[in-house]
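Enquirer: Provided below for reference: sequence and predicted model.
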Amino acid sequence: MRNQRNHSLPYIIAALSLLLSLMVWVLTIRSIELYNSTRFKTLSRNIQNDTTYRLNTYINAMEQTQAMVSVSPYLTRNAFRNYVKKLNFENEYPGIQGMGLVEKVLAKDLSTHLSQVKSEGLPSYRIWPLESLRREYFSITNLEPHNKRNGLYLGNDLSQDPVKLEAMLLARDTGFPAATGIVPLLQEKGTSEQPGIFIFVPLYRYGTNTQSTNHRHKNLVGFLFSSIRVDTFFKSVFSRIHPSSPIDFEIYQGEETRPENLVYDHDGKASFKTSNFNPSFRMKTSIDVGGKTWTIFSYSLPFFSWSFYQWIPTMVLLTGLLVTGLLFWITQIHTHSAAQEAKRARELEGALAENAVLFRQAQEALAARDEFLSIASHEFKTPLASLKLQIQSLVRYIAKGSLAQLPPEKFDKMASVFVTQLGRLTDLVDNLLDVTRARAGKLTLQREVINVVEVVSEIVERFKLQLEGSETYIEMHAPEEIVGCFDRLRIEQITENLVSNAAKYASGKPVNLTLSEVQGCLRLEIKDEGVGISEENLKRIFEKFERVSENDDSVNGLGLGLFITKQIIDAHGGVINVTSRENIGTTFTVELPMGT
């Protein structure tokens, strides 16, 4: 039965390592997908915000002009021209073809109106179209800048166009700016027709009441309006978007993204018409344009996700497969060696009388093998635990939906931990190949001068991340620096084992860690206020496979942590003591010579 377990151990370890690698791989893929999704939404919102901001800027300019016109009941044509000229349309408001005035003219005042406008320097002025007499007209009487193209609009009765009339009536009834849908703009002869929109701002009789709809109807004198060429407008709004941007978008009239409602296509390719149109990300948002709804449909292009980050899942998976292969190879070698030793032991058993010494050595070898396998399995958990902490930190960013705000330095630190802990796995593989050390039951120390406070602080910070959200927390008390000659990796193991043990049994209460230098020795004290340890258990807690609480299902582990901790402390020439009272708490005290 024991041989069967030994033969299956390499496969069990390989399976667990492969499962962990696949979990990290899946989490990394999901992290990249969340990052891309957040980046796409941000770019799409920027398009919406840029469009809304520019339209509001244009409308604000018209409202300022409205205020100027409203306080000047006898505004002259030259004064209006000079004011509009100061607005500097061409540079400050690209797309605006002009800003003008629409005057409400009653049929009874038609002759007087024509005479007055002609006397102002427009001898050819007329209201058109004029197929029949009407009760009132809404004629363009002023349009700046005064050029050949804008001159085509003078006298145009805009109420004869149902689209423009709808916008004017909406502005009149609400008192707010109102926009038309897409309409063709008048152009000079020989030039193609251009799509555009009209924005109307109502003008009421100076000093009158405009609180109600009836008052606004009665006191309306006309409108301030501007015509905007949509192609020029959108080119100026999105001039900052690089042609090779990873997203594309279209803008539509209304709430439906139908081809016939298309207002603007950023790349001009009408991607929605193609049969294979299936972007990874898409988003539909709406904006209000003078009482009209425009819909922005944005979507990702095929190369949106092509970046360095896309290689990270592959790198993670390959690293995991490499570690899995190494673990399988190492455990397979030792399992095979153990099988050979067991076979040799069985052969020696048949000649016990004359080979008693050899038989005893074989038995010792088998015991050393079992001890080696148990310690080896436990030591692999130390670097894997560090990797797990970093993965949990990454998962928390995902759960909070804040991966896009992950600082580069934080990402670099995580990557550094991955590399460091993989290096430690490699070091453990090298150490585990030292059969002499395993059989002797001794640990090899790699002493170096270190700042123990710095080493222990790093361990404590890792556990603080792990304990986030729980009632248990760690308090550390230490000077800024304690320098001595120790094995850095072993000091980390001592701290991790004792802190992990205290946190498991703390029962939601604090864990206090104190570092000090006492009479040439490093003193490490870890105190918890947890369930405590009975006197009977205190006598055997440093033995292999012993656990403090056998009946607590919430506490897992093989019971090797304190055994390995004591072996490390013994190798340093130090001592470890423990005091405990049930339901009050436990205190572990470690003293290590400072070394030279």
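Expert: Perfect, thanks for sending it. Numbering: from 1, shown residues only.

Enquirer: I figured Gly574 hits Gly595, correct?
Expert: No: if you go by C-beta atoms under 8 Å, Gly574 and Gly595 don't touch, sitting 10.3 Å apart. (Each C-beta comes from the backbone N, C-alpha and C, glycine too.)

Enquirer: list the residues that contact both of the two?
Expert: Counting by C-beta atoms under 8 Å, 6 or more residues apart in numbering, Gly574 and Gly595 have no contacts in common.

Enquirer: Neighbour count: these two, which is higher?
Expert: Higher neighbour count among Gly574 and Gly595: Gly574, with 19 against 16, using other C-beta atoms under 10 Å.

Enquirer: How about the secondary structure of the spatially closest residue to the more buried one that is not a sequence neighbour?
Expert: Leaving aside its chain neighbours, Gly574 sits nearest to Leu592 (3.7 Å; criterion: C-beta to C-beta, 6 or more residues apart in numbering). Under DSSP: H, G, I helix; E, B strand; the rest coil, Leu592 falls in the strand class.

Enquirer: OK, contacts around Leu592?
Expert: 484, 486, 521-522, 524, 569, 572-574.

Enquirer: Report the buried members of these.
Expert: 484, 486, 521-522, 524, 569, 572, 574 (16 or more other C-beta atoms under 10 Å).

Enquirer: Now do the host helix or strand of Arg344: which elements does it pack against?
Expert: Following DSSP states H and E, one finds Arg344 within helix 312-350. When contacts are defined as 3 or more C-beta pairs under 8 Å, 6 or more residues apart in numbering; DSSP states H and E, helix 312-350 packs onto helix 2-70, helix 356-379, helix 408-432.

Enquirer: need the least confident one among these, by mean pLDDT.
Expert: When the helices and strands packed on helix 312-350 are ranked by mean pLDDT, helix 356-379 comes last with a mean of 61.

Enquirer: Excluding chain neighbours, what is closest to Leu18?
Expert: Thr324 (4.9 Å).

Enquirer: Ile12 is in contact with that neighbour, correct?
Expert: No: contact between Thr324 and Ile12 fails when scored by C-beta under 8 Å: they sit 11.9 Å apart.

Enquirer: who has more neighbours, those two?
Expert: Comparing Thr324 with Ile12 by other C-beta under 10 Å, the one with more neighbours is Thr324, at 19 against 12.

Enquirer: residue contacts, the more buried one?
Expert: 14, 17-18, 21.

Enquirer: Over to Ser159?
Expert: So Ser159 contacts 134, 136-138, 165, 168 (C-beta under 8 Å, 6+ apart).

Enquirer: what residues are up against Ser70?
Expert: By C-beta under 8 Å, 6+ apart, the residues touching Ser70 are 203-204, 206.

Enquirer: 7 Å instead?
Expert: Shown in contact with Ser70 (C-beta atoms under 7 Å, 6 or more residues apart in numbering): 203, 206.

Enquirer: In CSV, list the contacts of Ser159 along with neighbour count and secondary structure.
Expert: Putting the contacts of Ser159 into CSV (neighbours: other C-beta atoms under 10 Å; DSSP: H, G, I helix; E, B strand; the rest coil) gives the following:
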residue, neighbour count, secondary structure
Arg134, 15, coil
Glu136, 15, strand
Tyr137, 23, strand
Phe138, 24, strand
Leu165, 15, helix
Met168, 25, helix
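
Enquirer: Now render those residues as CSV, adding pLDDT.
Expert: Formatted as CSV, those follow (pLDDT from 0 to 100):
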residue, pLDDT
Arg134, 85
Glu136, 92
Tyr137, 94
Phe138, 95
Leu165, 94
Met168, 95
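
Enquirer: Adding distance to Arg45, write the residues you listed out as CSV.
Expert: Output for these, formatted as CSV (distance: C-beta to C-beta, whole Å):
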residue, distance to Arg45
Arg134, 47
Glu136, 44
Tyr137, 44
Phe138, 39
Leu165, 35
Met168, 33
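
Enquirer: Looking at those, which one is closest to Ile32?
Expert: The nearest member of the contacts of Ser159 to Ile32, counting by C-beta to C-beta, is Met168 at 52.1 Å.

Enquirer: Distance-wise, check that closest one relative to Gly207.
Expert: 22 Å (C-beta to C-beta, to the nearest Å).

Enquirer: Same check on Ala399?
Expert: On the measure of C-beta to C-beta, Ala399 and Gly207 end up 61 Å apart.

Enquirer: How is Arg540 assigned, secondary-structure-wise?
Expert: Assignment for Arg540 (three-state DSSP): coil.

Enquirer: still on that earlier bit, is it possible to get CSV of the contacts of Thr324 that adds neighbour count and distance to Asn537?
Expert: Below are the contacts of Thr324 laid out as CSV (neighbours: other C-beta atoms under 10 Å; distance: C-beta to C-beta, whole Å):
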residue, neighbour count, distance to Asn537
Ala14, 19, 35
Ser17, 21, 33
Leu18, 17, 37
Ser21, 19, 37
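
Enquirer: which one of those residues is nearest Glu341?
Expert: Ala14 (22.4 Å).

Enquirer: Contacts only, for that closest one.
Expert: Ala14 touches 324, 327-328, counting by C-beta under 7 Å, 6+ apart.

Enquirer: How about Phe200?
Expert: 167-168, 171, 177-178, 223, 225.

Enquirer: Quickly list what Ala179 is bridged to.
Expert: Note on Ala179: beta-bridge partners by DSSP bridges are Ile199.

Enquirer: What of Leu185?
Expert: Beta-bridge partners, per DSSP bridges, of Leu185: Gln194.

Enquirer: Quick check: helices, which of the contacts of Leu592 are part of them?
Expert: In this view, the contacts of Leu592 that belong to helices under DSSP state H are Ile569.

Enquirer: Doesn't Phe588 lie inside a strand?
Expert: Yes: looking at Phe588 with three-state DSSP, it is inside a strand.

Enquirer: What score does it have for pLDDT?
Expert: Phe588 is assigned a predicted lDDT (pLDDT) of 96.

Enquirer: what do you get for the one 3 residues further on?
Expert: Looking at Glu591, its pLDDT is 95.

Enquirer: Spit out the contact partners of it.
Expert: When contacts are taken as C-beta under 7 Å, 6+ apart, Glu591 is in contact with 521-523, 574-575.

Enquirer: Using TSV, lay out these together with distance to Glu543 and pLDDT.
Expert: What follows is these, written out as TSV (distance: C-beta to C-beta, whole Å; pLDDT from 0 to 100):
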residue	distance to Glu543	pLDDT
Cys521	25	94
Leu522	25	94
Arg523	25	96
Gly574	19	93
Val575	17	94
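
Enquirer: count of neighbours near Ile127?
Expert: 21.

Enquirer: Contacts only, for it.
Expert: Shown in contact with Ile127 (C-beta under 7 Å, 6+ apart): 137, 139, 155, 157.

Enquirer: Would you reformat the residues you listed as TSV and include secondary structure?
Expert: Output for those, formatted as TSV (three-state DSSP):
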residue	secondary structure
Tyr137	strand
Ser139	strand
Gly155	coil
Asp157	strand
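
Enquirer: Need the max-distance pair from these.
Expert: Going by C-beta to C-beta, the pair spanning the contacts of Ile127 furthest: Tyr137 and Gly155, at 9.6 Å.

Enquirer: ok so, going back, out of the contacts of Ile127, grab the one that's most surrounded.
Expert: In terms of neighbour count, Ser139 stands highest of those at 27 neighbours, by other C-beta under 10 Å.

Enquirer: Gly573: what's it in contact with?
Expert: By C-beta under 7 Å, 6+ apart, the neighbours of Gly573 are Pro593.

Enquirer: Equivalent analysis for Ser37, please.
Expert: Contacts for Ser37 (C-beta under 7 Å, 6+ apart) come out as Phe281.
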